[in-house]
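[1] Sequence first, then the predicted structure:
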Amino acid sequence: MNLLILGGTAFLGPEIVDAATRRGWTITLFNRGRTKADLFPELEKIRGDRDPAKGEGLKALEAEVAKGRRWDGVIDTSGYRPQDVRASATLLAKAARQYVFISTVSVYASMAEPNADERAAVGTIEDPESKPLTNETYGPLKACCEREASKAFGERCSNLRPGLIVGPGDPTDRFSYWPVRVARGGKVLVPGPKEPRKAFTTFVDVRDCAEFAVRCVADGHGGTYNVTGPEGLLTFDEMVDACKACTSKPVDFVPAPEPFLMEHGVAPWMGLPLWLPEDPQFAGAGTVSRARAVAAGCTFRPLADTVRDTLAWWAKERKDAFPFGAKPGAPGLSLEREAELVGKLG
């Protein structure tokens with residue numbers, strides 16, 4: 001099969017390349033050549049910009065289509081603005097059999113309903129093509145991008161909605177905080193109390209997300225899929241326990257009540273990564289249904305594999321650095337700040 005990847009060199013992209021390469025596919029990358037431009041020297045690369053108004057825009061890709069180039073599938077890893085997705089999807093609608101758009105579970109208007117599936121309402125935004133990309137506009141803009149991809153390809157479009165993508169190469173440091181911090185041992189601050197707290201969390205290993213994207217092309221799966229694991233429900237406590245099971249150093253979890261965390265300015269989601277308060281608006285967080293993706297062949301590797309592989313990547317690429325909480329907005333707690341909070345808990 002011939003596969004065209006829009007992007008292809010940052011985090012998820014290389015894993016898609018690897019998944020397609022294992023199948024013996026021919027791969028072409030379309031990107032600006034700015035991120036890891038020397039990656040995959042053996043692959044064909046078409047240079048251009050997703051934004052038709054920037055530089056040469058899509059001209060090089062347009063020229064290939066005009067020459068009669070055809071692809072079995074397109075995987076779009078880099079679409080964030082609906083006008084950009086519309087331009088690429090419209091151009092490629094007659095040149096490709098399948099279009100896989102990498103979206104996000106952040107498209108949903110609410111996380112208040114437990115076990116919500118792909119039929120749940122998505123967020124809306126007025127005049128989306130004039131809005132800058134921010135944390136607030138990210139989800140609604142992705143929902144607009146999905147519509148543009150579906151408009152161009154119809155039933156030949158697959159909109160994949162991953163949760164937090166994690167694992168080796170993760171540039172966000174959110175999930176990575178937990179295996180890296182726990183591996184250092186000692187007293188580790190966690191949201192608590194441990195029981196009867198049953199808050200759920202969810203994420204997807206980057207390699208599992210990549211494999212399913214390629215599978216959608218291979219098997220012709222159209223439609224919308226929540227791609228976030230694990231296959232069953234995972235509590236926050238089970239997640240940190242899995243991290244503990246992958247280290248040989250003594251670890252003592254110190255549960256901090258939510259009022260304590262809020263009083264001391266520990267922000268949900270980023271201050272203690274992946275933690276969300278027990279609030280009705282988050283009642284469905286961590287329980288989004290992935291049944292449709294599983295039925296289509298999506299699989300999720302054991303959490304221990306993700307933890308171990310993240311630690312191995314960190315040791316090799318990050319050289320045991322501990323950047324968490326080092327500056328405002330950085331995920332996690334610095335070791336000094338964590339020790340201070342643990343001390344206040346007695």
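    Ah, there it is.
[2] switch to C-alpha atoms for all contacts and neighbour counts from now on
    Will do.
[3] Report the buried residues of stretch 115-134.
    Of all the residues in stretch 115-134, those buried under the rule 16 or more other Cα atoms under 10 Å are 116-118, 122-124, 128.
[4] List just the nearest of the residues you listed to Pro323.
    Set against Pro323, the nearest of these by Cα to Cα is Gly123 (33.3 Å).
[5] Next one: the closest one from Thr104, what distance?
    12 Å (Cα to Cα, to the nearest Å).
[6] shared neighbours, those two?
    Residues touching both Gly123 and Thr104 (Cα atoms under 8 Å, 6 or more residues apart in numbering): Gly139.
[7] in the stretch 101-250 of the chain, what spans have low per-residue confidence?
    The model of the stretch 101-250 of the chain has pLDDT under 70 over residues 194-198.
[8] all helices for it, in order.
    For the stretch 101-250 of the chain, applying DSSP state H, counting those that start in this stretch gives helices covering 138-153, 177-183, 206-219, 236-245.
[9] Just the C-alphas of stretch 224-231, formatted as CSV.
    Provided in CSV are the C-alpha atoms of stretch 224-231 (Å, rounded to 0.1, in the frame of the first residue of the first chain):
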residue,chain,number,x,y,z
THR,A,224,-15.4,8.1,14.4
TYR,A,225,-13.5,6.2,17.1
ASN,A,226,-12.4,7.0,20.7
VAL,A,227,-8.8,5.8,20.9
THR,A,228,-8.0,5.9,24.5
GLY,A,229,-7.0,3.1,26.8
PRO,A,230,-6.7,0.9,28.6
GLU,A,231,-9.5,-1.4,27.4
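[10] Name the residues that touch it?
    Residues contacting stretch 224-231 (Cα under 8 Å, 6+ apart): 105, 117-118, 158-164, 202-205, 209, 288-290, 292-294, 298-303.
[11] Which of those fall in strands?
    158-162, 204-205 (DSSP state E).
[12] want to try JSON lines for these, with distance to Cys144 and neighbour count as columns?
    As requested, the ones in strands among the contacts of stretch 224-231 are exported to JSON lines (distance: Cα to Cα, whole Å; neighbours: other Cα atoms under 10 Å):
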{"residue": "Ser158", "distance to Cys144": "14", "neighbour count": "27"}
{"residue": "Asn159", "distance to Cys144": "11", "neighbour count": "28"}
{"residue": "Leu160", "distance to Cys144": "14", "neighbour count": "25"}
{"residue": "Arg161", "distance to Cys144": "13", "neighbour count": "26"}
{"residue": "Pro162", "distance to Cys144": "16", "neighbour count": "23"}
{"residue": "Val204", "distance to Cys144": "23", "neighbour count": "24"}
{"residue": "Asp205", "distance to Cys144": "25", "neighbour count": "28"}
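[13] Which one of these is nearest to Asp38?
    Taking Cα to Cα as the measure, Asp38 lies nearest Asp205 of the ones in strands among the contacts of stretch 224-231, at 24.7 Å.
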